[in-house]
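Model the structure of this input:
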Amino acid sequence: ACRMKQNDQNKNDRTERIQKVRSMWTLIVEILTSLKEEKEAVDSVLDVLENRVAQCILDGTNAVSSIPHLLVHRIENNVYETCTGNLYEAEKLNFLTAIQVLNEALRTLRDVNCQFELKQLHVTEERMRLSKAALQNLKAK
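Numbers count the residues shown, from 1 in each chain. Prediction:
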C-alpha cells in the first residue's frame with residue numbers, strides 16, 4: 001500500500017512537472033511570436049549596417065527645379081543663420097546638416113506660401129467689398 005502511494009505520488013509529481021514544462025513552452029512560444037516584428041526590424045537594421053542590402057544612391061542629375069532667384073536667396077540666408085556644421089565632411093554628406101537645411105528650406109517655403117495666401121485673402125476680400133458695393137448701387141437704381 002505504501003508502494004502504491006509512492007507510485008501515485010511519483011506519477012502526480014511527473015504529471016505536475018510535465019504541465020509546468022508545457023506551460024513554460026507555451027509562454028516561450030508566445031514571447032517569440034510577439035517579438036517577431038521587433039526581430040525583423042533589428043535584422044533589417046543589421047543588414048544595412050553590415051552592407052548586406054544593396055545601397056540606394058539618390059541622384060538628382062535628371063531633376064529639374066524652377067525656384068525664383070529671390071526665394072533661393074532668402075532660403076540660403078535663413079539656412080546660413082540657423083544651420084550648424086558643414087554639408088560635406090570628409091567628402092561624405094553630413095545627413096544631420098542636410099536635414100537641417102531641408103527643414104529650414106521647408107519653413108521658408110511655408111512662410112512664403114502663408115504670406116501669398118494672406119495676400120490672396122486680402123484680394124478676395126477687396127473683390128467681395130467691390131462686388132457688394134456694385135450690388136447695392138444696382139439695387140438703388
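
Any stretches of this protein with poor pLDDT?
Applying pLDDT under 70 to the predicted model, the residue ranges of the chain that meet it are 1-3, 48-61, 63-68, 71, 78-84, 87.

In it, which residue is most central in space?
Ile99 (12.7 Å; Cα atoms, centre = their mean).

tell me which element it is part of?
Under DSSP states H and E, the secondary-structure element containing Ile99 is helix 95-140.

Now do that helix: distance to the chain's middle.
The gap between where helix 95-140 is centred and where its chain is centred comes out at 29 Å by Cα atoms, centre = their mean, to the nearest Å.

helices or strands next to that helix in the packing?
Identification of packing neighbours for helix 95-140 by 3 or more Cβ pairs under 8 Å, 6 or more residues apart in numbering; DSSP states H and E yields helix 69-82. No exception for glycine: its C-beta is placed from N, CA and C like everyone else's.

May I have the strands that pair with the helix or strand following the helix it packs on, each with its orientation?
The C-terminal neighbour of helix 69-82 among helices and strands, as given by DSSP H and E, is strand 88-89. Strand 88-89 has the following sheet partners, assigned by DSSP bridges: strand 92-93 (antiparallel).

Break the protein into its domains for me.
Domains of the chain are assigned by the TED database as 1-50, 67-140.

now, of these, which is deepest in the fold?
When you average the neighbours per residue for each of the domains of the chain (mean count of other Cβ atoms under 10 Å), domain 67-140 leads with a mean of 11.

Ramachandran coordinates for Trp25?
Main-chain dihedrals, Trp25, degrees, to the nearest 10: phi -60, psi -40.

Check the gap between it and Asp8 for me.
Relative to Asp8, Trp25 is positioned 26 Å away (Cβ to Cβ, to the nearest Å).

and if you look at Gln19?
According to Cβ to Cβ, Gln19 and Asp8 sit 16 Å apart.

One more: Glu76?
The gap separating Glu76 from Asp8 is 88 Å, by Cβ to Cβ.
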